[in-house]
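K.L.:
Generate coordinates for the sequence data below:
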Amino acid sequence: MPKEYTYKGYTTSDLQQMPMDDFIRLLPSRSRRSLLRVPPDEQRKLREKIRKMKRRTEEDINITIKTHRRETVILPEMIGLTINVYNGKEFIPVEITPEKIGHRLGEFSVTNKKVTHGMPGIGASKSSMYVPLK
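P.N.:
Numbering: from 1, shown residues only. As a prediction, the model looks like this:
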């Protein structure tokens, strides 16, 4: 039997039933401060979309949410949803699991890729046309 995930001693169901003010006190200071400030309109709209989607997933209607709000803190009410987060080029689907509570959406949508350079030799550049073949 797998062990149930807990966040600072609270199970996932406890966190979802907990009032928002009590949950905010459990978070680290940076996340707590950003949630205690008045959220920008875009973040408020995102939370409303998430609440609507949560109601619709109970009705078995699957809708995706796309967002550019990478700085949004992941809350317990988001568990189970898939949110497409913009990484500067494309939208990356992020599945929200209990282990991601308290983190930011942008942490799970990487903005840079590993650079893989081509091999030197024929076709690599103009000067390589004159490199003798081995």
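K.L.:
Moving C-terminal from the strand or helix carrying Leu15, which element do we reach first?
P.N.:
Per DSSP states H and E: Leu15 is located in helix 12-17. Using DSSP H and E, the helix or strand that follows helix 12-17 in sequence is helix 20-26.
K.L.:
Against which helices or strands is the very next helix or strand once past that following helix packed?
P.N.:
Next along the chain after helix 20-26, taking DSSP H and E as the criterion, comes helix 29-36. The contact analysis (3 or more Cβ pairs under 8 Å, 6 or more residues apart in numbering; DSSP states H and E) places helix 29-36 against helix 20-26. For the C-beta atoms, the positions are set from N, CA and C on the backbone; glycine is no exception.
K.L.:
Could I get the CA-only coordinates of the helix it packs on as CSV?
P.N.:
Extracted in CSV, the C-alpha atoms of helix 20-26 (Å, rounded to 0.1, in the frame of the first residue of the first chain):
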residue,chain,number,x,y,z
MET,A,20,-7.2,29.5,2.3
ASP,A,21,-5.9,31.7,5.2
ASP,A,22,-4.8,28.6,7.2
PHE,A,23,-3.2,27.0,4.1
ILE,A,24,-1.3,30.2,3.3
ARG,A,25,0.3,30.1,6.8
LEU,A,26,1.8,26.7,6.0
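K.L.:
And stretch 74-93, end to end?
P.N.:
14 Å (Cα to Cα, to the nearest Å).
K.L.:
hang on, I meant stretch 84-100
P.N.:
With Cα to Cα, one end of stretch 84-100 sits 15 Å from the other.
K.L.:
Report the buried residues of it.
P.N.:
Buried residues in stretch 84-100, counted by 16 or more other Cβ atoms under 10 Å: Asn84, Val85, Tyr86, Asn87, Phe91, Ile92, Val94, Ile96, Pro98, Lys100.
K.L.:
Tell me the secondary structure of the second one, please.
P.N.:
When you say that, I think you mean Val85. Assigned with DSSP: H, G, I helix; E, B strand; the rest coil, Val85 falls in the strand class.
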